[in-house]
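Visitor: Coordinates for the following, if possible.
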Amino acid sequence: MNPTVTDSPSSPGNGQPQPASPSSATSVTATPDRTIRIRIRRQDSPDRPDTARWEEFAVPRRPQMNIISCLQYIAARPVTVEGKSTTTPVWDSGCLEEVCGACTMIINGKVRQSCSALVDKLLEDARHRGGRATRVPGSGSRVPAVAGSAASPEPEPESDDDVITLEPMSKFPLVRDLFVDRSRLFNDLKRVKAWVPIDGTYDLGPGPAISEQLQEERYPLSRCISCGCCLEACPQYTPVNQFVGAAVISQVRLFNDHPTGKALKDERLDVMMDEGGVADCGKAGNCVEVCPKDIPLLESIARCNARRRSIRSGGSSRSDAHA
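Guide: Predicted coordinates for the structure are as follows:
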């Protein structure tokens, strides 16, 4: 969340116009007369709904910049377009290479990773759609429709400005601004025991061999970064129910297909057959549309649902069911 030194407004190469020189003629700098506006939905704390507001910031446009670099620039100079000094926006991020999953937020109405959200691509997509993106079904706004909110018409940006809207995910408890608490996701992964039960205190030798076919099936599932994109876009996943969502269901399949991980298969299937399990999926398909890792989530849901139906009908026991 903290700005880097290179994002400071007084630092060279930070988006401020620099004198031209032969050595720097080919360097990447901001275009002095070209800015973008970052419109952020803010709230000071979860118990202060009265502080919910929109704030806009002007950021010099630079080639290949992403949303995190925009936020770092704002953090170094938290002054709105009206010239009002404000607090530094709060967001979560870690690896900045779409691995940790921490920087998920709603960008132009679509949930995605902000580290891989390139400004040039966002603006190009918005122009192709004739304006800023509409919200993915199931991805709701935290605030009622008021003037200037995401649910009401927004003022057009100035001719030289482009606008990108940032909001926190709505399916997880808000901490502050763009930062939410994803503990529910991690607790659900604990519920299904999403791990391989191995005593790692001593060398157990080589593990069981896995066929090439099974490797190819399991590898896409292992790419999950627990970012929560699929849960935000899912209309069945709400703050008031117990549905575990596509990410957790896919991890059940991943570990039940592991030669050692399947030792806990019965316990995982118990969770899948309970309230909030795979039967609660409405098969809307939004999850696969927003997954940044292209995980075959619907395939995992179908596989787990087939195991559940087979067990319920008495066609096979939990131990016999291949999951």
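Visitor: Report the contact partners of the residue nearest the centre of the chain.
Guide: Centrality entry for the chain: nearest residue to the mean C-alpha point is Thr104, 2.9 Å, by CA atoms, centre = their mean. Contacts here follow CB atoms under 8 Å, 6 or more residues apart in numbering; on that basis Thr104 touches 111-114, 169, 227-229, 232. Quick note: C-beta positions are derived from backbone N, CA and C, even for glycine.
Visitor: of these, closest to Pro78?
Guide: Minimum separation from Pro78 among the contacts of Thr104 (CB to CB) is found for Ser114, which lies at 17.6 Å.
Visitor: What is the burial count for that closest one?
Guide: The tally of other residues near Ser114 (other CB atoms under 10 Å) stands at 24.
Visitor: before we move on, what about Asp270?
Guide: Counted with other CB under 10 Å, the neighbours of Asp270 add up to 14.
Visitor: quick one, domains of this structure?
Guide: For the chain, the domain assignment from automatic domain parsing gives the residue ranges 5-10+32-176, 182-196+211-312.
Visitor: Check the contacts of Thr104 for burial and list the buried ones.
Guide: 111-114, 169, 227-229, 232 (16 or more other CB atoms under 10 Å).
Visitor: Take those residues and keep only those in helices.
Guide: Judged by DSSP state H, the subset of the buried ones among the contacts of Thr104 located in helices is 229, 232.
Visitor: Now do the helices in the stretch 1-150 of the chain.
Guide: With helices called from DSSP state H, counting those that start in this stretch, the stretch 1-150 of the chain shows them at 67-76, 119-128.
Visitor: Which elements pack onto the last one?
Guide: Using 3 or more CB pairs under 8 Å, 6 or more residues apart in numbering; DSSP states H and E as the contact criterion, the elements in contact with helix 119-128 are helix 67-76, strand 161-167.
Visitor: Low-confidence stretches in the chain?
Guide: Scanning the chain for pLDDT under 70 picks out 1-33, 130-161, 315-323.
Visitor: Quick check: next helix or strand after the strand or helix carrying Gln251?
Guide: Under DSSP states H and E, the secondary-structure element containing Gln251 is helix 246-256. Later in the chain than helix 246-256, the nearest helix or strand by DSSP H and E is helix 265-273.
Visitor: Show me which residues of that following helix are buried.
Guide: Of the residues in helix 265-273, those scored as buried under the neighbour-count criterion (16+ other CB under 10 Å) are 265, 268-269, 271-273.
Visitor: Equivalent analysis for stretch 87-105, please.
Guide: 89-93, 96, 98, 100-105.
Visitor: And it, how far out from the chain middle?
Guide: 9 Å (CA atoms, centre = their mean, to the nearest Å).
Visitor: And for stretch 39-53?
Guide: What separates the centre of stretch 39-53 from the centre of its chain is 20 Å, taken as CA atoms, centre = their mean.
Visitor: now stretch 50-62
Guide: Relative to its parent chain, stretch 50-62 has a centroid offset of 20 Å by CA atoms, centre = their mean.
Visitor: Apart from its chain neighbours, what residue comes closest to Phe186?
Guide: Nearest in space to Phe186, with sequence neighbours left out and distances taken as CB to CB, 6 or more residues apart in numbering, is Ser226 at 7.0 Å.
Visitor: pretty sure that neighbour contacts Gly101?
Guide: Yes - taking contact to mean CB atoms under 8 Å, the distance of 5.0 Å between Ser226 and Gly101 places them in contact.
Visitor: can you put the buried residues of stretch 87-105 in a markdown table and add distance to Val175?
Guide: Supplementary listing: the buried residues of stretch 87-105 in a markdown table, determined by distance: CB to CB, whole Å:
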| residue | distance to Val175 |
| --- | --- |
| Pro89 | 12 |
| Val90 | 7 |
| Trp91 | 10 |
| Asp92 | 8 |
| Ser93 | 14 |
| Leu96 | 20 |
| Glu98 | 22 |
| Cys100 | 17 |
| Gly101 | 16 |
| Ala102 | 12 |
| Cys103 | 14 |
| Thr104 | 13 |
| Met105 | 12 |
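Visitor: Name the nearest of those residues relative to Asp47.
Guide: Asp47 has its nearest neighbour among the buried residues of stretch 87-105 in Val90, at 15.4 Å by CB to CB.
Visitor: Quick check: nearest residue in space to His258, chain neighbours excluded?
Guide: Val196 is the one closest to His258 (CB to CB, 6+ apart), at 5.8 Å.
Visitor: Which ones among the buried residues of stretch 87-105 lie within strands?
Guide: Using DSSP state E, the members of those that fall within strands are 104-105.
Visitor: Which single one of the buried residues of stretch 87-105 is nearest to Glu289?
Guide: Looking across the buried residues of stretch 87-105 and measuring by CB to CB, the closest to Glu289 is Thr104, at 14.8 Å.
Visitor: So which residues of this protein form strands?
Guide: Using DSSP E, the strands of the chain run over residues 35-42, 53-60, 104-107, 110-113, 161-167, 174-176, 179-180.
Visitor: Adding distance to Gly207, write those strands out as TSV.
Guide: Putting those into TSV (distance: least, CB to CB, whole Å) gives the following:
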stretch	distance to Gly207
strand 35-42	47
strand 53-60	49
strand 104-107	32
strand 110-113	32
strand 161-167	43
strand 174-176	39
strand 179-180	37
